[in-house]
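Chemist: Take a look and give me a structure for this.
(chains A and B)
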There are 2 protein chains.
Amino acid sequence: MWNQVTVIGVGLIGGSIGLALRRRELARQVVGVGRTPQRLAIAHEMGAVSSFTTDLAEGVAEADLVVVCTPVATIADTVRRVGRCCPAGALITDAGSTKGEICRAVSAAWDDRARFVGSHPMAGSEKSGPEFSEANLFEGSVTIVTPGEGASEQAVQSVEQFWRSLGSQTVRMSPDEHDRAVAAISHVPHLVASALAAATAAEDLPLAGGGWRDTTRVASGDVQLWRQILTENRPHILQSLVSFEKVLCEFRQALQENDAEAITRLLDAGKQNRDALGS
Amino acid sequence: MWNQVTVIGVGLIGGSIGLALRRRELARQVVGVGRTPQRLAIAHEMGAVSSFTTDLAEGVAEADLVVVCTPVATIADTVRRVGRCCPAGALITDAGSTKGEICRAVSAAWDDRARFVGSHPMAGSEKSGPEFSEANLFEGSVTIVTPGEGASEQAVQSVEQFWRSLGSQTVRMSPDEHDRAVAAISHVPHLVASALAAATAAEDLPLAGGGWRDTTRVASGDVQLWRQILTENRPHILQSLVSFEKVLCEFRQALQENDAEAITRLLDAGKQNRDALGS
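Modeler: Residues are numbered from 1 along each chain as shown, chains lettered A, B, ... in the order given. Okay, the predicted model is just below:
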């Protein structure tokens, strides 16, 4: 399908993209680009990339598709650098967890040599690094594709086709719609899980069972990565946090008033939403 | 080790106790007692009990050990009924998620024919019913044993030995210490997960990835069971909720003020506690 795909940033997501591309024989070459030779070498050993370089210009010089998988704070700059170095007509996407600021920053300095369409695969885990890559990471997942203003329909469809070829479903949203929805379904849950883990006294930790472990699992995620995500998507997260705090407050009042009916109603509402998704 | 163990209530916990006892050959007979013949028959088919009855008096008449695994709201009454029907000197424990009220209610009407020591195995899942029983459910888990005032040291040690024989570690606490600790490590996480699931808009659910799924998993738990637990342990839960809300509020302020340092500090605190436990 592709002659050369270049993956910039070979962490869990970038490594998994490379593994999936190679396992499914979707690209003749998968080139890894990063700053740390050791990480690139791990990705190479795992079979996630067929070659690698720390020189971005060299890595994208012959790419048909470039996937930017760096931490969110550096994505916009990286996409712009890629746009200046890659072949005219190459397609560029990313895998960042926020989209509004990235898409605006990219559009602001775009010269049309290449085509950029933002993406966000809703896959991953609390782990990070190429050693946790998995070829089937995207199977059964959803990837949100976020065309900015003026994106060509053909480029958008190519990016959607790319994620589907890795086993993901795709959903199309504007960058701002994406940021609102993802604040609710990913960023606020992360913040809440992190607050819960932080609020637990060290002396109680030895008693933790599966409930605490599941509920707080994502709090193990990379701190700098999540600090960037929370910072970039602040407005939507703060708004979504209001909805959560409202329900939490109803729960507290129901307990304070020992209102069995209200407690049941709230537990039921949570169970209905959770059961809708399966385990 | 035991001639006859009677398990009252053959759901996930009761069934798993039976399976573990029989797999490890720790009891000659495991008798299941419950109200629903169909559930008892499932437990029997799975090998969790060697025989069963819906008649409590008959089921405990020759028991050396009775484990009451009914929903928390009925435990105290059930223990008192067992105390009137079981052989003099038999040992009784339970598996309820709250301990203060149960232990007080049992002590208030105790005639010393049998010996009661409360327990809470910190194991289980969001599933319920004998069909989800697992022989290894308690391996690597922690069970809190909560002697009431005047409990004999020998009875306490026998109950601790019982849980250890199923593969669990044991920790000894007073019923009230238990209720405080478990509010923090289990009940508030459940309430928070449930609030998070309830606060999620149905339209955003198709975007849920592993993060939302993990963080809200326990919200699938049995609503009536959890309504009883939250109601019984209200004072400790409300107190523990204050600690969580305080950290949540710090998170919100840090975001409002775009204070990268404070966000990092909070994410770090959560990660440290979560990493201390492993996956």
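Chemist: give me the low-pLDDT residue ranges for the stretch 101-250 of chain A?
Modeler: The stretch 101-250 of chain A contains residues with pLDDT under 70 at A:113.
Chemist: For it, which segments count as helices?
Modeler: Using DSSP state H, counting those that start in this stretch, the helices of the stretch 101-250 of chain A run over residues A:153-165, A:175-182, A:188-199, A:210-216, A:223-232, A:234-256.
Chemist: In stretch A:133-141, which residues are buried?
Modeler: For stretch A:133-141, a neighbour-count test (16 or more other Cβ atoms under 10 Å in any protein chain shown) marks A:133, A:135, A:137-138, A:141 as buried. In short, each C-beta sits where N, CA and C put it, glycine included.
Chemist: Stretch A:152-163 vs chain B: in contact?
Modeler: No - using Cβ under 8 Å from any Cβ of the partner chain, stretch A:152-163 stays clear of chain B, coming no nearer than 13.7 Å.
Chemist: which parts of that stretch are buried?
Modeler: Neighbour counts over stretch A:152-163 (16+ other Cβ under 10 Å) mark A:155-156, A:158-160, A:162-163 as buried.
Chemist: for stretch A:173-183, same thing?
Modeler: Neighbour counts over stretch A:173-183 (16+ other Cβ under 10 Å) mark A:173, A:175, A:178-183 as buried.
Chemist: re the thing from before, what's the most buried one of the helices of the stretch 101-250 of chain A?
Modeler: Per residue and on average, the most neighbours among the helices of the stretch 101-250 of chain A fall to helix A:188-199, with a mean of 28 (mean count of other Cβ atoms under 10 Å in any protein chain shown).
Chemist: CA atoms only for it, dumped as CSV, please.
Modeler: C-alpha atoms of helix A:188-199 as CSV (Å, rounded to 0.1, in the frame of the first residue of the first chain):
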residue,chain,number,x,y,z
VAL,A,188,-11.3,13.9,32.9
PRO,A,189,-11.2,10.1,33.7
HIS,A,190,-7.4,10.4,33.8
LEU,A,191,-7.5,13.4,36.1
VAL,A,192,-10.0,11.7,38.4
ALA,A,193,-8.0,8.5,38.5
SER,A,194,-4.9,10.5,39.3
ALA,A,195,-6.7,12.5,42.1
LEU,A,196,-8.0,9.2,43.6
ALA,A,197,-4.6,7.6,43.6
ALA,A,198,-3.0,10.8,45.0
ALA,A,199,-5.7,11.1,47.8
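Chemist: residues contacting the closest residue to A:V33 other than its chain neighbours?
Modeler: Excluding its sequence neighbours, the residue lying closest to A:V33 (Cβ to Cβ, 6 or more residues apart in numbering or on different chains) is A:G59, at 3.7 Å. A:G59 makes contact with A:6, A:8, A:31-33, A:52-53, according to Cβ atoms under 8 Å, 6 or more residues apart in numbering or on different chains.
Chemist: Hmm, B:W226 and A:T264 touching each other?
Modeler: No - using Cβ atoms under 8 Å, A:T264 is not in contact with B:W226; the gap is 9.2 Å.
Chemist: could you list every residue that touches A:R172?
Modeler: Contact analysis of A:R172 by Cβ under 8 Å, 6+ apart lists A:144-147, A:156, A:160.
Chemist: Doesn't A:V30 belong to a strand?
Modeler: Yes - if the criterion is DSSP: H, G, I helix; E, B strand; the rest coil, then A:V30 is within a strand.
Chemist: with the buried residues of stretch A:173-183 in mind, which one is nearest to chain B?
Modeler: A:A181 (5.2 Å; Cβ to the nearest Cβ).
Chemist: Quick check: that closest one touching A:M173?
Modeler: Yes - the criterion here is Cβ under 8 Å, and A:A181 meets it with A:M173 at 6.8 Å.
Chemist: which residues are common contacts for these two?
Modeler: With Cβ under 8 Å, 6+ apart as the test, A:A181 and A:M173 both reach A:I144.
Chemist: Tell me the spacing between the spatially most central residue of chain A and B:V106.
Modeler: By Cα atoms, centre = their mean, chain A has its centre lying nearest to A:S97, at 4.1 Å. A:S97 sits at a distance of 51 Å from B:V106 (criterion: Cβ to Cβ, to the nearest Å).
Chemist: again with A:E232
Modeler: Distance from A:E232 to B:V106, by Cβ to Cβ: 55 Å.
Chemist: Where does the stretch 1-150 of chain A get nearest to chain B, residue-wise?
Modeler: Closest point on the stretch 1-150 of chain A to chain B, by Cβ to the nearest Cβ, is A:M122, at 3.8 Å.
Chemist: Grab the nearest non-local neighbour of that residue.
Modeler: Nearest non-adjacent residue to A:M122, counting by Cβ to Cβ, 6+ apart: B:G209, 3.8 Å away.
Chemist: Kindly format the C-alpha coordinates of stretch A:202-216 as PDB.
Modeler: Extracted as PDB, the C-alpha positions of stretch A:202-216 are listed here (Å, rounded to 0.1, in the frame of the first residue of the first chain):
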ATOM      1  CA  ALA A 202       0.200   5.300  51.800                       C
ATOM      2  CA  GLU A 203      -0.900   3.200  54.900                       C
ATOM      3  CA  ASP A 204      -4.100   2.100  53.100                       C
ATOM      4  CA  LEU A 205      -2.300   0.900  49.900                       C
ATOM      5  CA  PRO A 206      -1.600  -2.600  51.100                       C
ATOM      6  CA  LEU A 207      -5.300  -3.200  51.300                       C
ATOM      7  CA  ALA A 208      -5.900  -2.300  47.600                       C
ATOM      8  CA  GLY A 209      -7.900  -4.900  45.700                       C
ATOM      9  CA  GLY A 210      -8.900  -5.100  42.100                       C
ATOM     10  CA  GLY A 211     -11.300  -2.200  42.400                       C
ATOM     11  CA  TRP A 212      -8.700   0.400  43.400                       C
ATOM     12  CA  ARG A 213      -6.200  -1.100  40.900                       C
ATOM     13  CA  ASP A 214      -8.600  -0.800  38.000                       C
ATOM     14  CA  THR A 215     -10.000   2.600  38.900                       C
ATOM     15  CA  THR A 216      -6.500   4.200  39.300                       C
END
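Chemist: Might one say that the residue of the stretch 1-150 of chain A closest to chain B is in contact with B:L207?
Modeler: Yes - checked against Cβ under 8 Å, the pair A:M122 and B:L207 is within contact range at 5.8 Å.
Chemist: what's the pLDDT at the closest residue in space to A:R28 that isn't next to it in sequence?
Modeler: Leaving out its chain neighbours, the residue that sits closest to A:R28 by Cβ to Cβ, 6+ apart is A:N3, at 5.2 Å. At A:N3, the model reports a pLDDT of 97.
Chemist: A:N3 should be in a strand, yeah?
Modeler: Yes - under three-state DSSP, A:N3 sits within a strand.
Chemist: Can you give me the neighbour number for it?
Modeler: 11 (other Cβ atoms under 10 Å in any protein chain shown).
Chemist: residues touching it, list them.
Modeler: A:N3 neighbours (Cβ under 8 Å, 6+ apart): A:27-29, A:62, A:64.
Chemist: go with 7 Å
Modeler: A:28-29, A:64 (Cβ atoms under 7 Å, 6 or more residues apart in numbering or on different chains).
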